[in-house]
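Student: Build me a structure from this.
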Amino acid sequence: MPFFKRSYLSDNVRHGQHERDRQFNALLHSICAYTLFQPIVSEDRHLFSGRLKLAESVLSCSIALHGCRDFGQEPTIDTVITSFFLFGCQFCRGNHNAALVRLREAQVLAELLHLNDPSGYGNIMPGEFDRRVRTVTALIIIDRIYALQRATKLQMPRLMASEVMDLHSLINGASSPEEAPEDLAIEGIRQMIDSTDFVDDTVVRCWKNSCQMDPEEQHVTPERVTYLLARYMRPLRPTSATGTEAQHADILITRHWICSMLWTLSFHHGYTSFSASSKELQPSYAVHIAAETVEACSKFALSSLETHGVGLVEKLFEIAVNLTQVARAFELNMERTDGGNAISGSRSSAVLETESLDPTYVAPPSEELDWTAQLPNNFIDSRETQISHVMAILNRFLALLALFRGGNHPFLKPFVDIIATMNRPDLPGPPTAW
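Tutor: Reported below is the predicted structural model:
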């Protein structure tokens, strides 16, 4: 998230601002801690333990600088952004209660500064105005995504997509050739606004399945889900304005994750069936979403995926788990395929290839772009069954999770356990991913 122009940090460090300003010093430490926790790639696996130890030390220093006796009494933009990066650090550590506290802290500080109301910014300097707009826009996006990922309540003001886009348009572009790449990151924010503009209280309630507790509650309609699925499954082609490869990977995988979760939301609301009038609400569409996801991943360098850390691999995990739920829920009807052809139901060709994977494999830099050679072949004979197609997709997800950071993340083992239940139908099914 481009909270500020890079010149803001470099100029202030050069002028020794961190030696005079405690909050700016805390901000620098929080950014350093986050960059140590987050973008860990497979090639750095041998440095993992030492890197985490350093990250923990820098994080402790940032927390000590961030807090004070009158914390929050006179917040600044630096205070807000520091809280956000502390949220990111706790998220990377898997401490989701602590992460939520830090996110709420950033949101409350932003509210105290009235960041949601640009008309009230007054006669502030252009640089400060720009940082305020960047910060509130980023917080709105994160609020929506985190509400979906962690089933939390929306906290930021209920700004409609058009209003958020209006905020985004106020962000200043590059003022020098050195800062020109930042315009790509700003365009990436616009793409993320577009990807999350549907999130409101009704969607979040239905997403958490809490709408079922009160029959008077409003529900997301099948028509709305169908529209959103069609919208977000449209191809998103990288262009010179889309951003870096890593940023494009994040945007694309997030869109696929949203589609997968929307389909699962529809499933829990009883909107999905083989006979649904909209193709988006048929089981084959859930399979299509998962297949498109793993295919999209194969288009990027592995490091471009790993840059986004546990947040991205968790989305991949949830998409794959949702696919296993679809396969189980519609297993009795698997005699029908997309074309209505009969299926034998045999599992002989549907066993997942857990033994063929090499989770310890680390591609050398020269092979970085050919990491997909480790993925199982996705070719499916037209005579194969639909369940075999599902298993082939799950094989590729399993390989991807094993290769991501060399399997050093919290989602590989749970997915292997779920795969075991797919190969052993007598075992309990997978838990819901959300």
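
Student: Pull the contacting residues for A276.
Tutor: Q282 (Cβ atoms under 8 Å, 6 or more residues apart in numbering). Any C-beta I mention is one placed from the backbone N, CA and C, and that applies to glycine too.

Student: how far away is it from F330?
Tutor: Counting by Cβ to Cβ, to the nearest Å, the separation of A276 from F330 is 12 Å.

Student: Could you give me the buried positions within whatever helix or strand L52 lives in?
Tutor: Using DSSP states H and E, the element containing L52 is helix 48-66. Within helix 48-66, the residues that qualify as buried are A55, V58, L59, C61, S62, I63, L65, H66, counting by 16 or more other Cβ atoms under 10 Å.

Student: I'd like those residues as JSON lines, with distance to R396 appended.
Tutor: Converted to JSON lines, those look like this (distance: Cβ to Cβ, whole Å):
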{"residue": "A55", "distance to R396": "31"}
{"residue": "V58", "distance to R396": "37"}
{"residue": "L59", "distance to R396": "35"}
{"residue": "C61", "distance to R396": "42"}
{"residue": "S62", "distance to R396": "39"}
{"residue": "I63", "distance to R396": "40"}
{"residue": "L65", "distance to R396": "45"}
{"residue": "H66", "distance to R396": "42"}
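
Student: who touches the helix holding L52?
Tutor: Residues outside helix 48-66 that contact it (Cβ under 8 Å, 6+ apart): 22-23, 25-26, 29-30, 32-33, 36-37, 40, 44, 79, 82-83, 85-86, 89, 408.

Student: cool, stretch 87-98 as well?
Tutor: For stretch 87-98, contacts defined as Cβ under 8 Å, 6+ apart pick out 30, 33-34, 37-38, 55, 59, 99-100, 102-103, 105-106, 150, 309-311, 410.

Student: so how far is it from its chain's centroid?
Tutor: Relative to its chain's centre, stretch 87-98 lies at 14 Å (Cα atoms, centre = their mean, to the nearest Å).

Student: Go ahead and list the helix or strand containing F397.
Tutor: helix 386-403.

Student: Which other helices and strands does that helix contact?
Tutor: If contacts are counted by 3 or more Cβ pairs under 8 Å, 6 or more residues apart in numbering; DSSP states H and E, helix 386-403 sits against helix 283-297, helix 309-329, helix 412-423.

Student: tilt between that helix and helix 309-329?
Tutor: Interaxial angle, helix 386-403 versus helix 309-329 (axes from the mean of the first three to the mean of the last three Cα atoms, to 10 degrees): 160 degrees.

Student: Offset the numbering so it begins at 592, please.
Tutor: In the new numbering, first residue 592, that becomes helix 977-994.

Student: Between helix 874-888 and helix 977-994, find me the angle.
Tutor: On the basis of the same axes, to 10 degrees, helix 977-994 is oriented at 30 degrees to helix 874-888.

Student: hang on, the earlier thing: tell me the buried residues within the contacts of helix 639-657.
Tutor: Among these, those classed as buried by 16+ other Cβ under 10 Å are 614, 616-617, 620-621, 623-624, 627-628, 631, 670, 673-674, 676-677, 680.

Student: Mind checking which of these are in helices?
Tutor: Using DSSP state H, the subset of the buried ones among the contacts of helix 639-657 located in helices is 614, 616-617, 620-621, 623-624, 627-628, 670, 673-674, 676-677, 680.

Student: wait, what's in contact with the closest residue to L914 other than its chain neighbours?
Tutor: Closest residue to L914 apart from its sequence neighbours, by Cβ to Cβ, 6 or more residues apart in numbering: A881 at 4.2 Å. Applying Cβ under 8 Å, 6+ apart to A881 gives the contacts S851, I910, A911, N913, L914, I984, F988.

Student: burial measure for the fourth one, as a count.
Tutor: So that's N913. By other Cβ atoms under 10 Å, the residues close to N913 number 24.

Student: Could you double-check that it lies in contact with W854?
Tutor: Yes - assessed by Cβ atoms under 8 Å, N913 is found in contact with W854 at 7.2 Å.

Student: For the two, list the residues in contact with both.
Tutor: A877.

Student: all helices for the stretch 692-841 of the chain, in order.
Tutor: 717-741, 752-760, 772-787, 792-798, 813-823, 836-859 (DSSP state H, counting those that start in this stretch).

Student: where does the stretch 892-1025 of the chain dip in pLDDT?
Tutor: Applying pLDDT under 70 to the stretch 892-1025 of the chain flags residues 922-976, 1014-1025.

Student: oh sorry, the question was meant for the stretch 642-791 of the chain
Tutor: Low-confidence segments of the stretch 642-791 of the chain, defined by pLDDT under 70: 748-776.

Student: and which of the contacts of A881 is nearest G607?
Tutor: Among the contacts of A881, I910 lies closest to G607 (Cβ to Cβ), at 47.2 Å.

Student: Quick check: V981 vs W854, distance?
Tutor: V981 is 14 Å from W854, where distance means Cβ to Cβ.

Student: ugh, typo on my part, it should be C683
Tutor: With distances taken as Cβ to Cβ, C683 is found 28 Å from W854.

Student: Settle it for me: which of these two has more neighbours?
Tutor: Each of C683 and W854 has its neighbours counted (other Cβ under 10 Å); W854 has more, 28 against 22.
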